[in-house]
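only the shape, not the letters, is given here:
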């Protein structure tokens with residue numbers, strides 16, 4: 001599936017979440033070619049990771 005490091009800087013969070021209760025969501029796609037098969041599989045399965053971020057304080 002792969003891996004990804006997801007970082008949000010304090011500045012970006014402050015801009016996207018200006019007050020308590022503010023929310024946003026991001027979707028990150030993983031998948032495609034798995035690389036563990038003896039042949040290339042174009043258009044292999046994809047997986048979406050949805051992150052819901054909310055300012056609570």
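Sure, I can see it. Treat the numbers as computed from the prediction; the structure is a model and nothing was measured.

low-confidence stretches in this protein?
The chain contains residues with pLDDT under 70 at 1-2, 32-44.

which residues in it form strands?
23-31, 46-54 (DSSP state E).

include distance to residue 9 when you put those strands into JSON lines, please.
Using the backbone N, CA and C atoms, a C-beta is placed for each residue, glycine as well. Listed next are the strands of the chain as JSON lines, based on distance: least, Cβ to Cβ, whole Å:
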{"stretch": "strand 23-31", "distance to residue 9": "14"}
{"stretch": "strand 46-54", "distance to residue 9": "13"}
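
got these as a markdown table, with distance to residue 7 and mean neighbour count columns?
Formatted as a markdown table, the strands of the chain follow (distance: least, Cβ to Cβ, whole Å; neighbours: other Cβ atoms under 10 Å):
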| stretch | distance to residue 7 | mean neighbour count |
| --- | --- | --- |
| strand 23-31 | 12 | 11 |
| strand 46-54 | 12 | 10 |
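
go through those and name the closest to residue 5.
Ranking those by proximity to residue 5 (Cβ to Cβ) places strand 23-31 first, at 10.5 Å.

run through who's touching the closest one.
With contact meaning Cβ atoms under 8 Å, 6 or more residues apart in numbering, strand 23-31 is reached by 1-4, 6, 16-17, 44-55.

partners of it in the sheet?
Partners of strand 23-31 in the sheet, by DSSP bridges, are strand 46-54 (antiparallel).

centre of the chain to the partner strand, how far?
Distance of strand 46-54 from the chain centroid (Cα atoms, centre = their mean, to the nearest Å) equals 5 Å.

who touches that strand?
Strand 46-54 is contacted from outside by 1, 6, 8, 13, 16-17, 21-32, using Cβ under 8 Å, 6+ apart.

center of this protein - which residue?
residue 28 (3.0 Å; Cα atoms, centre = their mean).

mind listing the residues bridging to it?
Beta-bridge partners of residue 28, as defined by DSSP bridges: residue 49.
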